[in-house]
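J.: this one's sequence-less:
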C-alpha cells in the first residue's frame, strides 16, 4: 500500500479511537451498575476496562479495538460494545462503518456526479404546498422544487461545487440569518457529514469538502473545526425548525425525510408549515409568492462528467 493509503488508514484508525472515547466519556459508571467513582478516577466516563466488562470481552481486547490493532471483531462483539456504550442507531451504524471500511487505496476514485432522475424532478415539482428537495451524499442538493428555492436558496443557480446544504448552512451569511437556531442546525449538519464520511471513506469529494471547511475556510467556519472534532454523528428523519425569513418573517416548519427506493444515497426532504397560525399565514404568503416564479433552468453540467449518470461510488 502506498503512502497516501497508509495515511488514510491511520486517519480512519484515529477516527475510530476518538469516536469510541467520545462515546464512553459521558457515561457515568454508577448509571450502568459499576462501583462508584473514587478520588483516584482521573478520566471522565467509563474506562476502557469497564467497557470491556460491560461488553463481555477481555480487558485486553477492547483497548486493542479502540487502537485498531489487528482485530476483526464479529458482529456480535460489535453489538455488545454498542450496547455497553448505549449507542443510538446512527452511532451504531457509524461504529460498523469505521470497523468494516476497506483499506484506503493510494488513489481515490474520481467523484461521480449525483443527479436526480427526470421523474424525481417532476415528483418534487408536484408538491405545490410543500418545499421539497433531494439531499444526496455529503449534503449535495441535486434537485429542488420552486417553494424550496424560495424558502431556502436556489441551489440550481449555484456553481456546481457549491450546491451543498452543509457548505451553504455553515458558510453563507444568508443561512445564519435565516435559521433562528443556526448553531444547532449547523452542528447537526456537521454530524450528518461525519456519518456520511464514515460510510464512504473513499469518497474524494467528501474529503475535499471537509478539507475546505476545516482548512481553507477556517476563518469563516471556526465552529466547524470544533464540531468535527466532537465526532458526533446524526441521521435525520424528521424534525422542527424555526426561520426568520426575509420575505415573510417568523416561520416554523416541520420536516419529514424519505429514503428513495433504489437510490440509497438520495433522500427526499419535505418541509411543511408548523400548525401555529403565524407559520400557516407566513407559509401561504410564501407559497403565493413562489407560485408565479418561473421554473429554474436545468443546472449546467460540470466539466468532465458528461458520462456520469448518478453517484455509485
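T.: Perfect, I can see it now. As the structure is a computational prediction, the values presented were derived from the model and not from experiment.

J.: please count neighbours and contacts with C-alpha atoms only from this point.
T.: Noted.

J.: run through the residues that contact the residue nearest to the spatial centre of the chain.
T.: For the chain, residue 192 is the residue whose C-alpha lies nearest the centre (C-alpha atoms, centre = their mean; 1.4 Å). Residues in contact with residue 192 (C-alpha atoms under 8 Å, 6 or more residues apart in numbering) are 138, 233, 234, 235, 236.

J.: which is the next helix or strand following the helix or strand of the chain with the lowest mean pLDDT?
T.: Least confident helix or strand of the chain, by mean pLDDT, DSSP states H and E, is helix 3-24 with a mean of 68. Proceeding N to C from helix 3-24, the next assigned helix or strand is helix 48-55, under DSSP states H and E.

J.: for the residue nearest to residue 188 when sequence neighbours are not counted, give me phi and psi.
T.: Leaving aside its chain neighbours, residue 188 sits nearest to residue 234 (6.7 Å; criterion: C-alpha to C-alpha, 6 or more residues apart in numbering). Main-chain dihedrals, residue 234, degrees, to the nearest 10: phi -150, psi 140.

J.: residue 144 too?
T.: Dihedral angles (degrees, to the nearest 10) for residue 144: phi -140, psi 170.

J.: which regions of the stretch 51-200 of the chain sit below the pLDDT cut-off?
T.: For the stretch 51-200 of the chain, applying pLDDT under 70 flags the ranges 102-113.

J.: now the strands for it?
T.: All strands of the stretch 51-200 of the chain, identified by DSSP state E, counting those that start in this stretch, fall at 131-135, 143-144.

J.: quick one, domains of this protein?
T.: 3-100, 118-291 (automatic domain parsing).

J.: single out the most deeply packed of the ones you listed.
T.: Among the domains of the chain, domain 118-291 has the highest mean neighbour count (mean count of other C-alpha atoms under 10 Å), at a mean of 18.

J.: please state the offset of that domain from the chain centre?
T.: Averaging C-alpha positions (C-alpha atoms, centre = their mean, to the nearest Å) puts domain 118-291 10 Å from its chain's average.

J.: same deal with stretch 67-75?
T.: 25 Å.

J.: who touches that stretch?
T.: Contacts of stretch 67-75 (C-alpha under 8 Å, 6+ apart): 13, 14, 16, 17, 64, 65, 99.

J.: just put these in CSV and tack on distance to residue 260.
T.: Formatted as CSV, the contacts of stretch 67-75 follow (distance: C-alpha to C-alpha, whole Å):
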residue, distance to residue 260
13, 32
14, 33
16, 29
17, 33
64, 38
65, 35
99, 26
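
J.: where's the nearest residue to residue 65 once chain neighbours are set aside relative to residue 61, distance?
T.: Residue nearest to residue 65 in three dimensions, not counting chain neighbours: residue 71, with 6.2 Å by C-alpha to C-alpha, 6+ apart. Applying C-alpha to C-alpha, to the nearest Å, the value for residue 71 to residue 61 is 8 Å.
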